[in-house]
Each structure stands twice: as structure tokens, then as C-alpha cells.
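Asker: whatever this is, show me its structure:
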Amino acid sequence: MMRMRRRFWVEAVLAGAGAILLVLTLVTPAWIEAVFGVDPDRGSGALEWLIVGLVAGLAASCSALARAEWSRARAAHAPDGG
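Answerer: Below you'll find the predicted structure:
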């Protein structure tokens, strides 16, 4: 069984969080108002989309890093000569 480093799990969780924020913003564009009770963008949803854009970029980077970590672990686990 492959043993993944903590780094892989951090990257995978951050990628998942980005995906969840994207879906949350698609379903409820004014989620900051609903969760925190403040209205920083006057209900336009612009702040939420800015956060989603930033987190989506982070999630894409983390997904790529997690994939590289997975490949590293898989190569290290593979028997020699195969």
C-alpha cells in the first residue's frame, strides 16, 4: 500500500475546498451575507466571486501539486525493473 506524505493530503484538501466554494457560490451567490451577516459588496456577489477566483487558482495549483505527489509516491512504491 502506498503511503502518502502529509503534503499530498494538504494539497488535496485545499483543492476540495476550492471546489466546494465554487459550488457554494454558484448555488448561493451571496453566501458571505448569509454566513457572516455582513454585506461588504452590497449584495452583488462580487466579493464571493473574487474569493472563488482566488481559491480556484489555488485549487488548480494544489491539484497539480497533489497529482505530482501521487505520481512520486507511486513511482517510489513500484517494484524496480517494472
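Asker: check which helices and strands the helix or strand of the chain with the lowest mean pLDDT sits against.
Answerer: Ranking every helix and strand in the chain by mean pLDDT, DSSP states H and E puts helix 31-36 at the bottom, with a mean of 80. Contacts defined by 3 or more Cβ pairs under 8 Å, 6 or more residues apart in numbering; DSSP states H and E place helix 31-36 against helix 46-77. Quick note: C-beta positions are derived from backbone N, CA and C, even for glycine.
Asker: related to what we said a few turns ago, what comes up buried for the least confident helix or strand of the chain?
Answerer: Buried positions in helix 31-36, judged by neighbour count with 16 or more other Cβ atoms under 10 Å: Trp31, Ile32, Glu33.
Asker: what sits against the second one?
Answerer: Contacts here follow Cβ atoms under 8 Å, 6 or more residues apart in numbering; on that basis Ile32 touches Val38, Pro40, Asp41, Leu47, Glu48, Ile51.
Asker: again, only this time at 6 Å
Answerer: Leu47, Glu48 (Cβ atoms under 6 Å, 6 or more residues apart in numbering).
Asker: repeat for Pro40
Answerer: Pro40 neighbours (Cβ under 6 Å, 6+ apart): Leu47.
Asker: please redo it, this time with the cut-off set to 8 Å
Answerer: Ile32, Leu47.
Asker: give me the element it is part of.
Answerer: Under the criterion DSSP states H and E, no helix or strand holds Pro40.
Asker: per-residue pLDDT of it, please?
Answerer: pLDDT, Pro40: 82.
Asker: show the backbone phi and psi for it.
Answerer: Torsion angles at Pro40 (phi, psi; degrees, to the nearest 10) stand at phi -70, psi -20.
Asker: rewinding a little: just checking the distance from the least confident helix or strand of the chain to the centre of its chain.
Answerer: Its chain's C-alpha centre and that of helix 31-36 lie 20 Å apart, by Cα atoms, centre = their mean, to the nearest Å.
Asker: before we move on, what about stretch 19-34?
Answerer: 14 Å.
Asker: then it to PDB, C-alphas only?
Answerer: C-alpha atoms of stretch 19-34 as PDB (Å, rounded to 0.1, in the frame of the first residue of the first chain):
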ATOM      1  CA  ALA A  19     -14.400  23.100  -5.500                       C
ATOM      2  CA  ILE A  20     -16.800  23.500  -2.600                       C
ATOM      3  CA  LEU A  21     -16.500  27.300  -2.600                       C
ATOM      4  CA  LEU A  22     -17.200  27.300  -6.300                       C
ATOM      5  CA  VAL A  23     -20.300  25.200  -6.000                       C
ATOM      6  CA  LEU A  24     -21.500  27.200  -2.900                       C
ATOM      7  CA  THR A  25     -21.100  30.500  -4.900                       C
ATOM      8  CA  LEU A  26     -23.000  29.000  -7.900                       C
ATOM      9  CA  VAL A  27     -25.900  28.000  -5.600                       C
ATOM     10  CA  THR A  28     -25.900  31.000  -3.300                       C
ATOM     11  CA  PRO A  29     -24.000  33.900  -4.800                       C
ATOM     12  CA  ALA A  30     -24.400  36.000  -1.600                       C
ATOM     13  CA  TRP A  31     -23.100  33.300   0.900                       C
ATOM     14  CA  ILE A  32     -20.900  35.800   2.800                       C
ATOM     15  CA  GLU A  33     -24.000  37.800   3.700                       C
ATOM     16  CA  ALA A  34     -25.800  34.600   4.800                       C
END
